[in-house]
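Dropping a prediction and its sequence here:
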Amino acid sequence: MEQQLQQLESAVTRIAADQPFALSWEIRPIGTGEVIGCDSTRAVASFSTRKVSVLLACLALVETGELSLEDRSVITEEMKDGVQAGIMRNLSAGISLSLRDSLAQMMSTSDNICTQLVFAAIGSVRPDPLQWVNDYCAWMGLHATLHREIFPRTGDLTWSHSLDTLTTTTAQDQSRLLEKLGRGCVDDAAAAQLLVSRELCEFARDAMLGLFTPALGVACSRIRFAEKNGRGLRSLSQVGLALSGAGTPLAAVAAYAENIPTLLPSGVPGRAAAFDVFAELGLAVEEWAHGR
């Protein structure tokens, strides 16, 4: 393992050790086969980080021509029930969106009405859209990831909720998928392994660049992150692709903070501390990227 990667591993280990919550994480430099991490096979609630695999599973059907990014769907009043994330819940029913726009909003604002529209699009060409996404994850080697619901009613959960009815994953699975996406953005053969084209890999990357609430890249000035967030009552997560200023994929990053206390002994909200950890993690990756 290169010295700089060892230094990155040491830096993230120190960051994680100082926290009053569990942090499982994994980082994969793009295309080298190297991996660093800690507790990365522990099952965690995916929450909205699941949408990276939903995005790619949908794009695989665009690649076959069964779906088009220009296909349109209509938002119904029923789709708003229980939705807490996104902007479409505040708009009038009857609005028509292209699949392109639904995918973009699913990633940038984590809009759960748009997520329902994406699953409906998949369901228009596959008898069981949830099974299609699970099959896609299995094909990509995400063997610890299980999608259990199209729309999780997170508003009904308590802090001590079980994982039994939620989509679960691991930091290892998410970093594996993102490393494949990073390679697919620069290599046609690697993109084909994801069952999409290089252009669709770039579409997925760009959709993640539009995230309204970045965390890994929020403090970075020399690299960017194409990322996706996950928000639970007792957990926060952030996954993403580190990119050079020119857009070259550098590393896949996945981090899951679990059992976050509501308050630290200092009085600082636990969730604020978790966001600080994600920012520190992003800065550590930036330091590694410029020391290679």
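Sure thing, it's come through.

quick one: stretch 145-152 to chain centroid distance?
14 Å (Cα atoms, centre = their mean, to the nearest Å).

Name the residues that touch that stretch?
46-47, 50, 53-54, 82-83, 112, 115-116, 119, 129-130, 133-134, 137, 165-170, 173-174 (Cβ atoms under 8 Å, 6 or more residues apart in numbering). In short, each C-beta sits where N, CA and C put it, glycine included.

for stretch 261-279, same thing?
Outside of stretch 261-279, the residues within contact range by Cβ under 8 Å, 6+ apart are 15-16, 19-21, 23, 159, 215-216, 218-219, 236, 238, 255, 257, 260.

Narrow these to those in strands?
L23, L236, Q238, A255, A257 (DSSP state E).

Cross-check the contact I'm expecting between the third one and A215.
Yes: under the criterion of Cβ atoms under 8 Å, Q238 is in contact with A215, at a separation of 4.6 Å.

more crowded one of the two?
Q238 (32 against 23; other Cβ atoms under 10 Å).

Could you tell me which residues touch both of Q238 and A215?
Residues touching both Q238 and A215 by Cβ under 8 Å, 6+ apart: E227, N229, F278.

Which positions within the helix or strand that the last one is a member of qualify as buried?
Using DSSP states H and E, the element containing F278 is helix 270-289. By neighbour count, with 16 or more other Cβ atoms under 10 Å as the criterion, the buried positions of helix 270-289 are 270-271, 273-289.

Residues in contact with stretch 238-250: which ones?
29-30, 49, 52, 174-175, 178, 181-183, 185-186, 205, 208, 215-217, 222-230, 251-255, 278, 281-282, 285-286, 289.

Which of the residues you listed fall in helices?
Counted as lying in helices by DSSP state H, out of these, are 52, 174-175, 178, 181-183, 205, 208, 278, 281-282, 285-286, 289.

Can you tell me the closest non-neighbouring residue to the spatially most central residue of the chain?
Nearest to the geometric centre of the chain sits T49, at 3.3 Å (Cα atoms, centre = their mean). Nearest residue to T49, sequence neighbours excluded (Cβ to Cβ, 6 or more residues apart in numbering): G230, at 4.0 Å.

just A104 next, same as before
In space, A104 is closest to A207, 5.3 Å off (Cβ to Cβ, 6+ apart).

hey, where'd the helices end up in the stretch 51-200 of the chain?
51-64, 99-108, 112-123, 129-139, 171-184, 188-193, 198-209 (DSSP state H, counting those that start in this stretch).

so can I have a markdown table of those showing mean pLDDT, distance to G245 and mean neighbour count?
Formatted as a markdown table, the helices of the stretch 51-200 of the chain follow (pLDDT from 0 to 100; distance: least, Cβ to Cβ, whole Å; neighbours: other Cβ atoms under 10 Å):
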| stretch | mean pLDDT | distance to G245 | mean neighbour count |
| --- | --- | --- | --- |
| helix 51-64 | 98 | 23 | 23 |
| helix 99-108 | 96 | 21 | 23 |
| helix 112-123 | 94 | 30 | 24 |
| helix 129-139 | 98 | 32 | 18 |
| helix 171-184 | 98 | 16 | 26 |
| helix 188-193 | 98 | 22 | 15 |
| helix 198-209 | 98 | 13 | 20 |
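
Let me know which of those is the nearest to E34.
Nearest to E34, of all those, is helix 171-184, at 10.1 Å by Cβ to Cβ.

helices or strands up against the closest one?
Helix 171-184 sits against strand 22-29, strand 36-38, helix 51-64, helix 188-193, helix 198-209, strand 236-243, strand 249-258, with contacts defined as 3 or more Cβ pairs under 8 Å, 6 or more residues apart in numbering; DSSP states H and E.

how about the ones you listed, which one is nearest S10?
strand 36-38 (9.5 Å).

So what touches the closest one?
With Cβ under 8 Å, 6+ apart, strand 36-38 has contacts from 1, 5, 8-9, 12-13, 16, 23-27, 171-172, 175.

Buried ones only from the residues you listed, please, as a PyMOL command.
To isolate the buried members of the contacts of strand 36-38 in PyMOL, using 16+ other Cβ under 10 Å:
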select buried, resi 5+8+9+12+16+23+24+25+26+27+171+172+175
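
Determine which two of the contacts of strand 36-38 are furthest apart.
Every pair of those checked by Cβ to Cβ; the farthest is M1 and L23, at 20.7 Å.

list the contacts for the residue lying closest to Q193 once chain neighbours are set aside?
Of all residues beyond its chain neighbours, the one nearest Q193 is K180 (6.4 Å), with distances taken as Cβ to Cβ, 6+ apart. Contact analysis of K180 by Cβ under 8 Å, 6+ apart lists M140, A190, Q193, L194.
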